[in-house]
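Asker: Only the shape, not the letters, is given here:
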């Protein structure tokens, strides 16, 4: 995962063919352009870290801003990031479910893929990223989201609470549960791989 997201062309006209809403008026496009320029990379990284596959992240990002373009008249000034964030939280699971329907993968095959790194995963950094993605994807969305925002996006607890529309105390409690969940999943994963290695060497 990285923040070098491919740029979204904010000047590309929004199609009116989608059932999600009508064509946004031309006079509102400058505001959408500013939203893209200010928040595109954040939304791209967020979708990726919420479990959207790399091959689908560009399309999902495009969809978030298409929805914002159609709803731009309803977005309060100063609330653009919150709107985009909430939209991304809905788009991410929809994108993941769509990809799963198109390319189903049985659990045994998934375990073989996750536990058998190929040559491209030989470096410690790339392997660490793969493990992080694997664990984040398995976490409940509400815990995954708060962990991504605080630990990876480096937002403050107050900013996280504002984005999630939660009291700061609730956000802090959720972050604590997210950290515990992450550590527990990592421990179980390491134990499972350790048992497999023991079986191979026996």
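Answerer: That came through fine. What you see is a predicted model; the values in this text were computed from it and never measured.
Asker: Tell me, please, the helix or strand in this protein that averages the lowest pLDDT.
Answerer: Within the chain, no helix or strand scores below helix 107-115, which has a mean of 47 by mean pLDDT, DSSP states H and E.
Asker: After it, heading C-terminal, what element do we hit next?
Answerer: Sequence-wise, the next helix or strand downstream of helix 107-115 (DSSP states H and E) is helix 124-138.
Asker: Which residue, neighbours along the chain excluded, lies closest to residue 65?
Answerer: residue 36 (5.7 Å; CB to CB, 6 or more residues apart in numbering). C-betas here are computed from N, CA, C, even on glycine.
Asker: Extract the residue ranges of the chain that are flagged as low pLDDT.
Answerer: Scanning the chain for pLDDT under 70 picks out 1-28, 103-124, 195-202.
Asker: which of the residues in the lengthiest helix in it are buried?
Answerer: Determined from DSSP state H, the single longest helix within the chain is helix 168-201. Across helix 168-201, burial judged by 16 or more other CB atoms under 10 Å covers 171, 174-175, 178, 181-182, 189.
Asker: thinking again about what came up before, now whatever helix or strand the residue nearest to residue 65 lives in against helix 124-138, angle please.
Answerer: For residue 36, the host element (DSSP H and E) is helix 29-49. On the basis of axes from the mean of the first three to the mean of the last three CA atoms, to 10 degrees, helix 29-49 is oriented at 100 degrees to helix 124-138.
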